[in-house]
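**Q** any chance you could fold what I've pasted below:
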Amino acid sequence: MQFLKQIVEYVDQNPEKASEQADSLTEGVRKSDQVTFNEVPGEHELSDLKEIFATWKPRLDFDKGGNQGAPKFPLPVGYEYLLQYYALTHDEDALKAVSVTLDQMANGGIYDQVGGGFARYSTDPIWKVPHFEKMLYDNAQLVSLYCHAYQVIGNETYHRVVKETLQFIEREMTDPSGGFYSSLDADSEGEEGKFYVWDEDEMDQILGADASLVRAFYHVTKEGNWEGSNILLRPDDPEEFARDHDLSVKELNEKITKANQKLLKARANRIRPGLDDKVLTGWNGLMLKGTVTAFQVFGDQEYLDVAIKNAQFILDIMKKDDGGLYRNYKDEKSSINGFLDDYAFVISGFLELYQATFEEQWLYEAKELMDYAIEHFYDAESGLFYYTSELDPALIARKMEITDNVIPASNSEMAKNLYMLGQYFYKDDYLGKARQMLHNVKSDALKNGPYYANWDVLLLWMVHPPYEVAIVGAEWKNILQKWNQRYLPFTFLSGGKSEGALELLQDKYVSGATMIYVCQDKVCLKPVETITEALAQMDD
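**A** From the prediction side, this is the model:
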């Protein structure tokens, strides 16, 4: 209050100076994240990608994963980029950065070893002690990342993490309408983490004969490993642990699974952390994509059913009469006009859902949302999108999200969406916008690794243009399922039982056969009938 009184006095005594300072501050806010339209066309080379990793590499912790030091935040989009970079260059250090991070997170306290799902970040450099809050956006992106890493590495731990995390989302974060809730608090009964930690005596009572084995497995001691209680931590080498306890790995896993079921049942009787049950459209788009990716990689129909229900919820509840999106949903009400990230992540989710089902509805819904966003968010002068719609009340500045962080920037996601939709619909305008957006930020993208990682994925696509792969015929589902068992990030998929409406699919149906067409820049190679032949065409 004293400070506010001083401001009032200053304004009364110096009205002209106060007005000048206010104008200057307003102008500074408006220019703070302004990006210049770069009119000079640029080339994108493999050397750009190598420069990005060379600059990024010293920040990486190749022992414990993530970036060096503490706290450690999961930055999923950064590791998505490194996986794609590895797929292109076969740089083993890039793959190691991903695998070490995912291994250590899966074993650490940041992961809920009993109930699945990830906490927001680790307060230390070894993923041991989390800030216990669980966010939808983290878990959504980490599901996608662990799926993609499984395709590359084949580590069954990654499959388990995906399965358990999606079970957690279904059990604790899903509205009956099909929407996903936003977060769970860190605190219960006024103490952070109380819901998630364990005492030795409590575990003994719950687990009986297997208690000593499970306590040893999870590093549980009488004195506790954190503030007098125990955060559950898995051993780095479960095979060695199994040998030391005269068990096979299968027997050990069975015992730990049964123990987790008992612990989860007992934990359900505790006072729960607070639930933020509002539904945010953009975060739902991220979870939609994660659930679809899990279906693609593991083939579990339940994942696809959940994804389709969520996508339909977005159309039925979150889409406005004018074609735009609401931001929020709670107590059967939506009240806020959508922001750019709502469009960016829903479009991305719909694109992934199309590639999993070949239901063209999702592709056309994505295009409609893109056209709406261009009309109401796009700034031709900068070549980028504002975060708020021009239909919203004017603020002193319309900001633009440029840098990627724990959630990718809405502009980087929109640039990727434009590129994909441009390829699907043969729209040079979309492709031109995507290229211009990347060119505007490229100088920063080359120097700032994880904080421009989503832009760098688009740069990868520019260096190695993705293939458009069409699968047309009665057996498309079987072929697509086998295709998705491989990590093939440089492909945009389309097809179905018949040709459908897309221009790329015209004249692609062959009676009595299911054909695979490998295309690039609208030019298709000779159709083939096996994945092996199609991959050989892509390798040529």
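
**Q** got a list of what residue 78 touches?
**A** Residue 78 is in contact with 404, 449, 450, 453, counting by CB atoms under 8 Å, 6 or more residues apart in numbering. Using the backbone N, CA and C atoms, a C-beta is placed for each residue, glycine as well.

**Q** and it, what element?
**A** helix 76-89 (DSSP states H and E).

**Q** how far off centre is that helix?
**A** 13 Å (CA atoms, centre = their mean, to the nearest Å).

**Q** what do you get for stretch 48-59?
**A** Taking mean C-alpha positions (CA atoms, centre = their mean), stretch 48-59 and its chain are 22 Å apart.

**Q** what does stretch 485-501 give?
**A** Counting by CA atoms, centre = their mean, stretch 485-501 comes out at 21 Å from the chain centroid.

**Q** what mean pLDDT does it have?
**A** The pLDDT scores in stretch 485-501 average 96.

**Q** and if you look at stretch 421-431?
**A** Mean predicted lDDT for stretch 421-431 stands at 97.

**Q** what is the end-to-end distance of that stretch?
**A** The stretch stretch 421-431 measures 8 Å between its terminal residues, going by CA to CA, to the nearest Å.

**Q** what sits up against it?
**A** With CB under 8 Å, 6+ apart as the criterion, stretch 421-431 contacts 347, 351, 363, 366-367, 370, 418-419, 434, 466, 468, 492, 494, 502-504, 522.

**Q** in that stretch, what counts as buried?
**A** Across stretch 421-431, burial judged by 16 or more other CB atoms under 10 Å covers 421, 422, 423, 424, 425, 430, 431.

**Q** for whichever strand or helix holds the second one, what is the distance to the chain centroid?
**A** Residue 422 belongs to helix 410-425 when assigned by DSSP H and E. Taking the mean of its C-alpha atoms, helix 410-425 sits 16 Å from the chain's own mean (CA atoms, centre = their mean).

**Q** next SSE downstream of it?
**A** Downstream of helix 410-425 (by DSSP H and E), the next one is helix 428-445.

**Q** roughly how far is the helix or strand following that next one from the heart of the chain?
**A** As assigned by DSSP H and E, the chain's next helix or strand after helix 428-445 is helix 453-463. With CA atoms, centre = their mean as the basis, helix 453-463 stands 16 Å off its chain's centre.

**Q** elements contacting helix 453-463?
**A** helix 46-56, helix 76-89, helix 410-425, helix 428-445 (3 or more CB pairs under 8 Å, 6 or more residues apart in numbering; DSSP states H and E).

**Q** how about it as CSV, C-alpha atoms only?
**A** C-alpha atoms of helix 453-463 as CSV (Å, rounded to 0.1, in the frame of the first residue of the first chain):
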residue,chain,number,x,y,z
ALA,A,453,13.4,-27.9,-30.1
ASN,A,454,10.0,-27.9,-31.8
TRP,A,455,11.2,-25.4,-34.3
ASP,A,456,14.2,-27.7,-34.8
VAL,A,457,11.9,-30.6,-35.7
LEU,A,458,10.5,-28.5,-38.5
LEU,A,459,14.1,-27.7,-39.5
LEU,A,460,14.7,-31.5,-39.7
TRP,A,461,11.8,-31.8,-42.0
MET,A,462,13.2,-29.1,-44.2
VAL,A,463,16.6,-30.8,-44.4
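
**Q** returning to what we had before: adding distance to residue 498, write the helices and strands packed on helix 453-463 out as a markdown table.
**A** Putting the helices and strands packed on helix 453-463 into a markdown table (distance: least, CB to CB, whole Å) gives the following:
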| stretch | distance to residue 498 |
| --- | --- |
| helix 46-56 | 39 |
| helix 76-89 | 32 |
| helix 410-425 | 17 |
| helix 428-445 | 26 |
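
**Q** closest one to residue 475 among the ones you listed?
**A** When the helices and strands packed on helix 453-463 are compared by CB to CB, helix 410-425 sits nearest residue 475, at 22.5 Å.

**Q** could you check the angle helix 428-445 makes with that closest one?
**A** Here the directions of helix 410-425 and helix 428-445 differ by 140 degrees (axes from the mean of the first three to the mean of the last three CA atoms, to 10 degrees).

**Q** so what sits opposite residue 198 in the bridge?
**A** Legend: beta-bridge partners of residue 198 under DSSP bridges are residue 230.

**Q** just checking, it touches residue 220?
**A** Yes - judged on CB atoms under 8 Å, residue 198 makes contact with residue 220 at a distance of 6.3 Å.

**Q** what do these two both touch?
**A** By CB under 8 Å, 6+ apart, the residues touching both residue 198 and residue 220 are 230, 232.

**Q** just the buried ones among the contacts of residue 78, please.
**A** Neighbour-count burial (16+ other CB under 10 Å) applied to the contacts of residue 78 gives 404, 449, 450, 453.

**Q** can you get me the start-to-end distance on stretch 476-492?
**A** End-to-end distance of stretch 476-492 (CA to CA): 15 Å.

**Q** chain center to it, what's the gap?
**A** For stretch 476-492, the distance to the chain centre is 20 Å (CA atoms, centre = their mean).

**Q** kindly report the same for stretch 277-291.
**A** With CA atoms, centre = their mean, you get 10 Å for stretch 277-291.

**Q** same thing with stretch 189-201?
**A** Centroid separation for stretch 189-201 versus its chain: 29 Å, with CA atoms, centre = their mean.

**Q** quick one: the strands in the stretch 251-400 of the chain?
**A** 275-276, 279-280, 328-329, 378-379, 384-385 (DSSP state E, counting those that start in this stretch).

**Q** got a list of contacts for the last one?
**A** It stands for strand 384-385. 35, 340, 373, 377-379, 400, 402, 410-411, 414, 437, 440.

**Q** re the thing from before, okay, the angle between the helix holding residue 78 and helix 46-56?
**A** 130 degrees.

**Q** start the count at 15 instead of 1 going forward.
**A** Renumbered: residue one is now 15, and that last one reads helix 90-103.

**Q** after helix 90-103, which helix or strand is next? Please name it.
**A** Following helix 90-103 in sequence order, the next helix or strand is helix 106-121 (DSSP H and E).

**Q** would you mind pulling up the elements that that following helix packs against?
**A** Using 3+ CB pairs under 8 Å, 6+ apart: helix 106-121 touches helix 90-103, helix 150-167, helix 170-186.

**Q** any chance of those helices in TSV, with distance to residue 197 and mean pLDDT too?
**A** Formatted as TSV, the helices and strands packed on helix 106-121 follow (distance: least, CB to CB, whole Å; pLDDT from 0 to 100):
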stretch	distance to residue 197	mean pLDDT
helix 90-103	16	98
helix 150-167	6	98
helix 170-186	11	98
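
**Q** just tell me which of the ones you listed ends up closest to residue 116.
**A** helix 150-167 (5.5 Å).

**Q** wait, which of the contacts of residue 92 is closest to residue 158?
**A** The closest of the contacts of residue 92 to residue 158 turns out to be residue 467 (CB to CB; 13.5 Å).

**Q** that closest one contacts residue 98, doesn't it?
**A** No - if you go by CB under 8 Å, residue 467 and residue 98 don't touch, sitting 9.8 Å apart.

**Q** identify the residues contacting the helix or strand harbouring residue 494?
**A** Applying DSSP H and E as the criterion places residue 494 in helix 490-497. Contact partners of helix 490-497, identified using CB under 8 Å, 6+ apart, comprise 313, 370, 372, 483, 485, 507, 509, 510, 511, 528, 530, 545.

**Q** pull the contacting residues for the fifth one.
**A** Neighbour list for residue 485: 372, 493, 494, 497, 507, 508, 509, 510, 528, 529, 530, 531 [criterion: CB under 8 Å, 6+ apart].

**Q** who does the helix or strand containing it pair up with?
**A** For residue 485, the element it lies in under DSSP H and E is strand 481-486. Paired with strand 481-486 in the same sheet, following DSSP bridges, are strand 505-510 (parallel), strand 529-534 (antiparallel).

**Q** okay, those in a markdown table with distance to residue 93 and mean neighbour count next?
**A** Below are the strands paired with strand 481-486 laid out as a markdown table (distance: least, CB to CB, whole Å; neighbours: other CB atoms under 10 Å):
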| stretch | distance to residue 93 | mean neighbour count |
| --- | --- | --- |
| strand 505-510 | 20 | 21 |
| strand 529-534 | 27 | 20 |
